[in-house]
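Asks: A predicted structure for the sequence below; I have some questions about it.
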Amino acid sequence: EYTNDEFTELMKVVGLADSYLRDYHRDRIIRSILDAGVSLVVCGNGWQELKEEYQEQLNIVGDGGLDIEDNVKLISKSRIIINIFTSIKNGSHERIFTAMRNCCICFTDGNKYLEENFCDGENIVLYDIDNIDKIPDKIKWILNNPDKAKIIAENGYRTACNEYEDKHTARQVLDIMGLE
């Protein structure tokens, strides 16, 4: 059992480890895609070193971060969102639903929750974080098959709107809390 102070310190360490792992995997994934000749638009912090290496292929938007409204606008103009959340082993993130609600393909590392609630290649495209070398081919397949990609994006849109609207999520939270 931890004291409050010990727990606070432990959470700081866990947060640092999570940030390191996320950044490590993000770098490996993005490099594998860029090395395969695919151009990317990225937003947020931490891209300058890659920009120096991949000047022609990497476009940074909102260096320093975007507010949520600008982020959603960027997603609405995108065909594919690459989601990396290596520390979430049984859950989701608003980024997945935001991508889907904007008729954009969500390309994300799989986990138990996503595998049970979505259909890979039908309303989402999953990758295996342990097989990063296969990621560029999946991205290229999506880009080279616009008709199938459009179907996946439309199916994702319908899934997000029909099953994951905010009111559905609110009901689930209330149910879990025993308040519904």
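Replies: Right, received. Where do you want to start?
Asks: which stretches in this structure count as strands?
Replies: 40-43, 58-61, 80-83, 105-109, 125-127 (DSSP state E).
Asks: partners of the first one, with directions?
Replies: Strands adjacent to strand 40-43 in the sheet, as given by DSSP bridges, are strand 58-61 (parallel).
Asks: then the strand it pairs with to PDB, C-alphas only?
Replies: What follows is strand 58-61, C-alpha atoms only, in PDB (Å, rounded to 0.1, in the frame of the first residue of the first chain):
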ATOM      1  CA  LEU A  58       7.300  15.800 -43.700                       C
ATOM      2  CA  ASN A  59       5.000  18.800 -43.300                       C
ATOM      3  CA  ILE A  60       4.500  20.100 -39.800                       C
ATOM      4  CA  VAL A  61       1.300  21.900 -39.000                       C
END
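Asks: sort out which residues of it are buried, please.
Replies: For strand 58-61, burial by neighbour count (16 or more other CB atoms under 10 Å) applies to Leu58, Ile60. For every residue, glycine as well, the C-beta is placed using N, CA and C.
Asks: and what of stretch 164-180?
Replies: So stretch 164-180, judged by 16+ other CB under 10 Å, has buried residues Tyr164.
Asks: any residues touching stretch 108-127, and which ones?
Replies: 25, 82-86, 88-92, 96, 100, 105-107, 128-129, 134-135, 138, 142, 152, 155-156, 158-159 (CB atoms under 8 Å, 6 or more residues apart in numbering).
Asks: of those, just the buried ones, PyMOL syntax please.
Replies: The buried residues among these can be selected in PyMOL (16+ other CB under 10 Å) with this line:
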select buried, resi 25+82+83+84+85+92+96+100+105+106+107+129+135+138+142+152+155+156+159
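Asks: so which of the contacts of stretch 108-127 are in helices?
Replies: His25, Ile96, Met100, Ile135, Lys138, Ile142, Ile152, Asn155, Gly156, Arg158, Thr159 (DSSP state H).
Asks: those: which two are farthest apart?
Replies: His25 and Arg158 (29.8 Å; CB to CB).
Asks: quick one on the thing from earlier: any chance of CSV for the strands of the chain, columns mean pLDDT and distance to Ile68?
Replies: Formatted as CSV, the strands of the chain follow (pLDDT from 0 to 100; distance: least, CB to CB, whole Å):
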stretch, mean pLDDT, distance to Ile68
strand 40-43, 92, 12
strand 58-61, 91, 14
strand 80-83, 94, 14
strand 105-109, 96, 17
strand 125-127, 97, 24
